[in-house]
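Engineer: Sharing a model that was predicted from the sequence below.
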Amino acid sequence: MRVEMEFLGSGTSSGIPTIGCDCWVCHSTNPRNKRLRSSVLFRIGAGENETRLLVDATPDIRLQALRADLSSIHGLLITHTHADHCHGLDDLRGLYWGGGREPITLWAYPESLASLKRTFAYIFDADYEYKGIVKIDAQVFEHEPFEAAGVTVQPIPVVHGNMRVAGFRIGDCAYITDTNEVPDSSIEKLKGVKLLILDALRRAPHPTHMSLPKALETAEKIGVERVFFTHINHDLEHESVNKELPEWARLGCDMLKVALEEDGKITVTEPDSNGRPLPIAF
């Protein structure tokens, strides 16, 4: 089974460039330093048999979907309900229309679903009169694997300050954002993962996110072949930081595609300076 993870966004909650910031990364002309809010698209399989699972609905989802030429999805996985990860829920109406107006199945922790129902009450209100909104089929998960559009998804609980956040493992690929600690019990659930996308906010320690050194340490503990970092702020300049990292680790960037092929090989497709996909050796 081929599993691809496409970076729809790789930035922290404020995005990069950050409003009002005069730092050199925010003023960089390198497109790899332009970061929308963090989200990933799982593509499982290929061609007509491809299953597309979106992780989170950021405030940038409209632009992210247009940029990725994404018109429909088979499901939505919610990591947690901080604004930068769910406040694009209303904009999923376009993907709902593109999917033939079939309700989009959403999977979340029970507390995350409760939060979404408070924030977006009208979306979950069966009697809401206006029809131009996304329709959601809400499902919850806890610790056990669940089936999402025929794909087995293993939730990976991680710590984000005092909040529980869900990472997701599909096959030997995993995505973990917004965490300052991956518990040992979750490390065990990640054993055998070859390709990982992991939170790495900045160099310095942070109370609710992993620093780059801690993220590297965590990836080594899991034993992955390749790790790409996400939820990156303006402390980390793409090119210079990548030169410092071991060859099995890289900063992610918007529109980067990383895949675990059926033969077990990892392939990487990075956007060129014009935003076009460009295969690269890694």
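Structural biologist: Arrived safely, thanks for sending. What you see is a predicted model; the values in this text were computed from it and never measured.
Engineer: For residue 266, give me its contacts.
Structural biologist: By Cβ atoms under 8 Å, 6 or more residues apart in numbering, the contact list for residue 266 reads 194, 195, 225, 226, 258, 259, 260, 282. Backbone N, C-alpha and C define where each C-beta goes, glycine included.
Engineer: Around residue 230, count how many other residues there are.
Structural biologist: 29 (other Cβ atoms under 10 Å).
Engineer: Is it bridged to anything, and to what?
Structural biologist: residue 199 (DSSP bridges).
Engineer: how close does it get to residue 237?
Structural biologist: 15 Å (Cβ to Cβ, to the nearest Å).
Engineer: Tell me where the model's unsure across this protein.
Structural biologist: Across the chain, residues meeting the criterion (pLDDT under 70) sit at 272-282.
Engineer: for it, what spans make up the helices?
Structural biologist: Secondary structure of the chain, counting by DSSP state H: helices at 61-67, 83-86, 93-98, 110-119, 184-189, 212-222, 238-244.
Engineer: Quick one: residues in contact with the longest one.
Structural biologist: To tie it back to what came earlier, the one meant is helix 212-222. Residues from elsewhere that reach helix 212-222 (Cβ under 8 Å, 6+ apart): 180, 182, 187, 190-191, 193, 196, 198-203, 205, 210, 227, 229, 236, 241, 245-246, 249.
Engineer: Report the backbone C-alpha coordinates of that helix in PDB.
Structural biologist: Output of helix 212-222 as PDB, limited to C-alpha atoms (Å, rounded to 0.1, in the frame of the first residue of the first chain):
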ATOM      1  CA  LEU A 212      14.200  21.000  17.100                       C
ATOM      2  CA  PRO A 213      16.800  19.100  19.300                       C
ATOM      3  CA  LYS A 214      14.000  17.300  21.200                       C
ATOM      4  CA  ALA A 215      12.200  16.400  18.000                       C
ATOM      5  CA  LEU A 216      15.400  14.800  16.600                       C
ATOM      6  CA  GLU A 217      15.800  12.900  19.800                       C
ATOM      7  CA  THR A 218      12.200  11.600  19.600                       C
ATOM      8  CA  ALA A 219      12.600  10.500  16.000                       C
ATOM      9  CA  GLU A 220      15.700   8.600  16.900                       C
ATOM     10  CA  LYS A 221      13.900   7.000  19.800                       C
ATOM     11  CA  ILE A 222      11.100   5.800  17.500                       C
END
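Engineer: in it, what counts as buried?
Structural biologist: Across helix 212-222, burial judged by 16 or more other Cβ atoms under 10 Å covers 212, 214, 215, 216, 218, 219, 222.
Engineer: wait, isn't residue 141 in contact with residue 109?
Structural biologist: Yes - look at residue 141 against residue 109 with Cβ atoms under 8 Å: they come within range, at 7.0 Å.
Engineer: Show me whatever sits in contact with both of those two.
Structural biologist: residue 166.
Engineer: tell me how far the ends of stretch 96-110 are from each other?
Structural biologist: Criterion Cα to Cα, to the nearest Å; first-to-last residue distance in stretch 96-110 is 23 Å.
Engineer: any residues touching it, and which ones?
Structural biologist: Against stretch 96-110 from outside (Cβ under 8 Å, 6+ apart): 71-78, 80-81, 92, 95, 113, 116, 134-142, 146, 148-149, 153, 164, 166.
Engineer: from the residues you listed, which would you call buried?
Structural biologist: 73-78, 80-81, 92, 95, 113, 116, 134-136, 138, 141, 148, 153, 166.
Engineer: For the stretch 101-250 of the chain, just list every one of the strands.
Structural biologist: Taking DSSP state E, counting those that start in this stretch as the test, the strands found in the stretch 101-250 of the chain are 104-108, 136-140, 146-148, 151-160, 163-170, 173-176, 195-199, 226-230, 249-251.
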